[in-house]
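>>> Sequence first, predicted coordinates after that:
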Amino acid sequence: MLLDLTKLEQNVNEISTIAKTNNIKWRPHIKTHKSIQIAKMQMAKGACGITVAKLEEAEIMAEAGITNILIAYPLSNSRKLQRLQSLAEKTETTIAIDSIEQAILVNKAFVGRKRLEVWIKINSGLNRCGIEVEEVVELATAITKLPNLTLTGIFTHAGHSYAASSLEEVKAIATAEAKVVLQSAKACEEVNIPIKHRSIGSTPTFKFGAKIKGITEIRPGNAAFFDMCQVGLGVTTPSRCALTILASVVSCKKERIIFDTGSKALSLDQGAHGNKSVVGYGSIINYPEVTLARLSEEHGVGTLSSKTSLKLTDKVQIIPNHSCAVANLFDHYIVHHNGLIVDEWLVDARGKMK
Ligand SMILES: Cc1ncc(COP(=O)(O)O)c(C=O)c1O
């Protein structure tokens, strides 16, 4: 797994500049890279803290010295809440709440401890976790009555932007994403519950949402690397994709070329349902005549639209469809700069689910 340092820095700098220009905070989601090195790079470039999906990611990043962590996941399992207690003692930790039942469980776990900061998660159309705008006042009021929790923010994740069929549609989703957060915050403030943090921003939507007045924070993850899903959405170009997989040709047949990269290297991810612009299982740089049409575990099968010069043992770079899923499959990033390998970074928080 190769990581182009120049592109990574360019991508991270761009997010940082967007946050600065719009005078808002930036809390990158580190589930994309799961790397202490990259999280620290993001902090050095102005991130206010990090977002994580897993308790394990939070623990590893806290251990490495990251002091402000949003666990954007509604933890409720008692064993995890116990571990959250010790994490919250070491580092400024905030977790997502998306039901009164969950809030009660978290509150109970923090009896006799420092109050835990919590943010309400709103559903802006992804229909995964998150409450509806109409339910926010009830949940916010319930949280304010729980003595061990402090409500300080409202956030949403517009992951449905991945299924958009045009940039116009992405933009409309970004507007709606910000609107539900701002409406929710307003409803809470009307009943005297202040909402300091109003956080939005997936990779497709954050550039648009960052400009909307009242939004205080963006949380892009994938934008550090980008990938063919983002290219398909029109969010970026292949030249900005920092993560690639180095594959070797292991067999050449009459109408197909076989690479040593199957689903265990590229993942079977083909992007969101409805996104028709992703073709195959990754894009082979400089060989547009080859479509990576099929993956089994250790084989990637390329079909040909015209004759190719590829031959046995040749190496190609493949831009994956979904870089976050791919990074989670490897132990290390081989970091390169101007065509030379300059370092090897661990994917610190992968495979640590316990
Ligand atoms: C809560 C939350 N915030 C931010 C993100 C980052 O999204 P993206 O990788 O599209 O930037 C995600 C992605 O799953 C998420 O779940």
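Happy to help now that I have it. Numbers count the residues shown, from 1 in each chain.

>>> Tell me, please, where in the stretch 251-354 of the chain the pLDDT is lower than the cut-off.
273-275 (pLDDT under 70).

>>> The residue in it positioned nearest to the ligand: neighbouring residues, count only.
Of all residues in the stretch 251-354 of the chain, Cys324 sits closest to the ligand, with a separation of 6.2 Å (C-beta to the nearest ligand atom). Bear in mind the C-beta positions are built from the backbone N, C-alpha and C, glycine included. Per other C-beta atoms under 10 Å, the neighbour tally for Cys324 reads 24.

>>> now swap in Lys354 and tell me
Neighbours around Lys354, by other C-beta under 10 Å: 9.

>>> who's in contact with it?
Residues counted as contacts of Lys354 (C-beta atoms under 8 Å, 6 or more residues apart in numbering) are Glu56.

>>> next SSE after the longest helix seen in the chain?
In the chain, taking DSSP state H as the definition, the longest helix is helix 167-190. Using DSSP states H and E, the next helix or strand after helix 167-190 towards the C-terminus is strand 197-200.

>>> so who does the residue nearest the centre of the chain touch?
In the chain, the centroid-proximal residue (C-alpha atoms, centre = their mean) is Gly221; its distance is 3.3 Å. Residues in contact with Gly221, defined by C-beta under 8 Å, 6+ apart, are Pro28, His29, Ile30, Lys31, Thr32, Thr51, Ser202, Thr203, Cys324.

>>> can you check Asp227 too?
Cys241, Leu243, Ile319, Pro320, Asn321, His322, Ser323, Cys324, Val326.

>>> cool, Lys34 as well?
Here Lys34 is in contact with Glu57, Ile60, Ala327, Asn328, Val347, Asp348, Ala349, Arg350 (criterion: C-beta under 8 Å, 6+ apart).

>>> Apply 7 Å and report the result again.
When contacts are counted by C-beta atoms under 7 Å, 6 or more residues apart in numbering, Lys34 touches Glu57, Ala327, Asn328, Val347, Asp348, Ala349, Arg350.

>>> Under the pLDDT cut-off, which ranges of this protein? List them.
For the chain (pLDDT under 70), the answer is 273-275.

>>> ranges for the helices of the stretch 151-300 of the chain?
167-190, 206-209, 228-233, 263-266 (DSSP state H, counting those that start in this stretch).

>>> OK, contacts around Gly262?
Taking C-beta under 7 Å, 6+ apart, one finds Leu295, Ser296, Glu297, Glu298, His299, Gly300 in contact with Gly262.

>>> near the ligand, which residues of the stretch 51-200 of the chain show up?
Thr51, Ala72, His157, Gly159 (C-beta under 6 Å from any ligand atom).

>>> Repeat the analysis, applying 8 Å as the threshold.
Applying C-beta under 8 Å from any ligand atom, we find that the stretch 51-200 of the chain lies next to the ligand at Thr51, Ala53, Ala72, Tyr73, Ala96, Lys121, Phe155, Thr156, His157, Gly159, Ser161, Tyr162.

>>> Which helix or strand contains Lys34?
Under the assignment here (DSSP H and E), Lys34 is part of no helix and no strand.

>>> can you check Tyr333 too?
Counting by DSSP H and E, Tyr333 is part of strand 332-337.

>>> residues making contact with that strand?
1-6, 35, 341-347.

>>> Show me what the longest helix of the chain is packed up against.
Contacts defined by 3 or more C-beta pairs under 7 Å, 6 or more residues apart in numbering; DSSP states H and E place helix 167-190 against strand 116-122, helix 136-144, strand 149-156, strand 197-200, helix 206-209.

>>> outside of stretch 24-32, which residues touch it?
So stretch 24-32 is in contact with 15-16, 19, 39, 42, 46-53, 57, 61, 70, 199, 210, 215-222, 224-225, 323-324, 327, going by C-beta under 7 Å, 6+ apart.

>>> Near the ligand, which residues of the stretch 251-354 of the chain are found?
Cys324.
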